[in-house]
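Participant: Provided below for reference: sequence and predicted model.
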Amino acid sequence: MSQERWHQSQLRVRYEETDQMGVVYHANYLTWFEIGRTELIRDLGYPYRKIEEKGLLLPVTEAELKFKRPARYDDLIGIYTRVSQTGSVRLQFSYEIRRILEGEPEELLVTGTSHHVWVNPSWKPVRIEKEAPDLWQVITNYTDEGG
């Protein structure tokens with residue numbers, strides 16, 4: 001991985017996440033991306049509930065996934081997440097899903113990004129630095145420290 005700041009979450013692949021071929025069904029990676037960004041934001045001191053209490057929402061406007069290798073039932077998975085772009089209205093996260101193997105290098109399975117826009121409860125875009133300057137500061141500090 002690059003020198004940029006990555007947040008790590010872990011999970012073990014559950015049987016229900018696999019398909020008939022015995023591999024993780026592709027849509028589950030989007031759920032794992034959500035886990036990664038939710039936990040990153042929580043670890044920065046801003047769980048999504050707190051963001052919503054401020055009257056802010058952060059819907060996904062675009063997502064991209066690139067599949068390298070499949071994850072399988074009972075694999076230990078590392079979900080690596082970082083804030084890759086910040087702006088007044090938009091936010092982008094990057095992800096790497098890796099298989100964690102004891103005593104071996106991690107194996108890259110999937111990479112991806114998700115793009116988001118800050119909106120109010122009426123779904124009108126808002127400028128985060130004006131609506132929640134403390135949250136803006138936390139995110140930009142995290143991004144600045146990483147790269």
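Facilitator: Yep, it's here.

Participant: what about the residue nearest to the spatial centre of the chain, helix or strand, and which?
Facilitator: Of all residues in the chain, the one closest to the mean position by Cα atoms, centre = their mean is Arg37, 3.1 Å from it. Here Arg37 sits within helix 28-43, counting by DSSP states H and E.

Participant: What is that helix packed up against?
Facilitator: Contact here means 3 or more Cβ pairs under 8 Å, 6 or more residues apart in numbering; DSSP states H and E; on that basis helix 28-43 packs against strand 7-12, helix 48-53, strand 60-67, strand 76-86, strand 90-99, strand 107-117. For the C-beta atoms, the positions are set from N, CA and C on the backbone; glycine is no exception.

Participant: Kindly recompute the last result at 6 Å.
Facilitator: Other helices and strands packing on helix 28-43, by 3 or more Cβ pairs under 6 Å, 6 or more residues apart in numbering; DSSP states H and E, are strand 7-12, strand 76-86, strand 90-99.

Participant: Quick check: mean pLDDT of it?
Facilitator: What helix 28-43 shows for mean pLDDT is 97.

Participant: Using CSV, write out every CA atom in that helix.
Facilitator: Provided in CSV are the C-alpha atoms of helix 28-43 (Å, rounded to 0.1, in the frame of the first residue of the first chain):
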residue,chain,number,x,y,z
ASN,A,28,-21.1,-7.6,-0.6
TYR,A,29,-18.0,-5.6,-1.3
LEU,A,30,-20.1,-2.4,-1.3
THR,A,31,-21.3,-3.3,2.2
TRP,A,32,-17.7,-3.8,3.3
PHE,A,33,-16.9,-0.4,1.8
GLU,A,34,-19.6,1.1,4.0
ILE,A,35,-18.3,-0.7,7.0
GLY,A,36,-14.9,0.7,6.3
ARG,A,37,-16.0,4.3,5.9
THR,A,38,-18.4,4.1,8.9
GLU,A,39,-15.6,2.8,11.2
LEU,A,40,-13.1,5.4,9.8
ILE,A,41,-15.6,8.2,10.6
ARG,A,42,-16.4,6.7,14.0
ASP,A,43,-12.7,6.5,14.9
